[in-house]
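**Student:** sequence first, predicted coordinates after that:
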Amino acid sequence: MNWDQFVQLTVNGLTDGSVYALIALGFSIVYGILKLLNFAHGDVFMIGAFIGYFVLTGFGGPLNPDFPLPLLLVLMFVLAMLGCGLLGVVIERFAYRPLRDAPRIAPLITAIGVSFFLESSALLLFGAQYRVYNTADFISLSSGIQIGSVTIDSVQILVLVLGLVLMVGLQLLVNRTRLGRQMRAVAADREAAEMLGINVNFVITATFFLGSALAGVAGIMGGLLFNQVTSTIGFIAGLKAFTAAVVGGIGSIPGAMLGGLFIGVAESFVTGYISSTYSNLIVFGILIVVMLLRPSGLLGRAQLQKV
């Protein structure tokens, strides 16, 4: 067995999996509170990638940026988080809140409609051509870590470290802050939480903001890693992130993290050892197998039904 190839594929898979995990976290926290599958979430990821691209090109471009590289990256991530967070709040307010007490099929169909709306709007506004980050022009890929024939370039290090920090930060926020306690209370019983004086609308809005902001960060990570951005990238990324959330246990934050990393590594191994042609087939095959063997996911728990 070629261990160098195995380690390299693992690193590549963990890097891609960090992107999937951040998107999957948005799926999980929204589902945990509203029991809503927000299929528009992948397109919020796409909007985040475009925001990062336009910030990059608007401040000098990759070859001649107006700011030092660390400041430019911070600006890209902050504006993507704010822009996508506000977009998530608008989606919740006008698309999902009026249907909060409707049968579950209504918000589900609305989520699919919002997804098509965002994708079509991006196509009309930005065109069908690919936008390219040209990451290698402003981030030196040779400045990473080299161990034998295994390479961890600087972009992969950035994605892995930032992804880990954000995933752990969200877990700490949910477990150790007042907002986190309110989120858990609303997830457990929305009506009871409201009777206890919790502002349910604020908690749900904050949840959409957090999930969408993480998708915005993931969008820039995807742009830096894969270079190409177009209006259709949100569809497949959203499906894989949804798969990651379900495999890990939808509604579970650690499950979304584990599921994202697992899907990323599985996809990398299939691409490296078999063929990239079969990567999507294997990923969604994993979803089917997990649903047959453990419907609640790897770290999920069966839902208790109130009588």
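**Tutor:** Sure, I can see it.
**Student:** what about the strands in the stretch 151-300 of the chain?
**Tutor:** Secondary structure of the stretch 151-300 of the chain, counting by DSSP state E, counting those that start in this stretch: strands at 228-229.
**Student:** where does the prediction get shaky in it?
**Tutor:** Low-confidence segments of the stretch 151-300 of the chain (pLDDT under 70): none present.
**Student:** helices along that one, start to end?
**Tutor:** Ranges of helices within the stretch 151-300 of the chain are 154-176, 178-188, 190-195, 200-226, 233-248, 253-273, 279-293, based on DSSP state H, counting those that start in this stretch.
**Student:** okay, the angle between the fifth one and helix 200-226?
**Tutor:** Calculated by axes from the mean of the first three to the mean of the last three CA atoms, to 10 degrees, helix 233-248 forms an angle of 110 degrees with helix 200-226.
**Student:** how far is helix 233-248 from where the chain is centred?
**Tutor:** Computed by CA atoms, centre = their mean, to the nearest Å, the chain-centroid distance of helix 233-248 equals 8 Å.
**Student:** which elements pack onto it?
**Tutor:** The contact analysis (3 or more CB pairs under 8 Å, 6 or more residues apart in numbering; DSSP states H and E) places helix 233-248 against helix 3-34, helix 41-58, helix 105-126, helix 200-226, helix 253-273, helix 279-293. All C-beta spots, glycine's among them, are computed from the backbone N, C-alpha and C.
**Student:** make CSV from those helices and add mean neighbour count and distance to Ala241 to it.
**Tutor:** Converted to CSV, those look like this (neighbours: other CB atoms under 10 Å; distance: least, CB to CB, whole Å):
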stretch, mean neighbour count, distance to Ala241
helix 3-34, 24, 3
helix 41-58, 25, 7
helix 105-126, 16, 13
helix 200-226, 25, 8
helix 253-273, 23, 7
helix 279-293, 14, 11
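**Student:** tabulate those helices (CSV), appending distance to Val150.
**Tutor:** Converted to CSV, the helices and strands packed on helix 233-248 look like this (distance: least, CB to CB, whole Å):
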stretch, distance to Val150
helix 3-34, 5
helix 41-58, 28
helix 105-126, 37
helix 200-226, 17
helix 253-273, 13
helix 279-293, 21
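**Student:** out of these, which gets nearest to Val246?
**Tutor:** helix 279-293 (6.2 Å; CB to CB).
**Student:** so what secondary structure elements neighbour the closest one?
**Tutor:** Other helices and strands packing on helix 279-293, by 3+ CB pairs under 8 Å, 6+ apart, are helix 233-248, helix 253-273.
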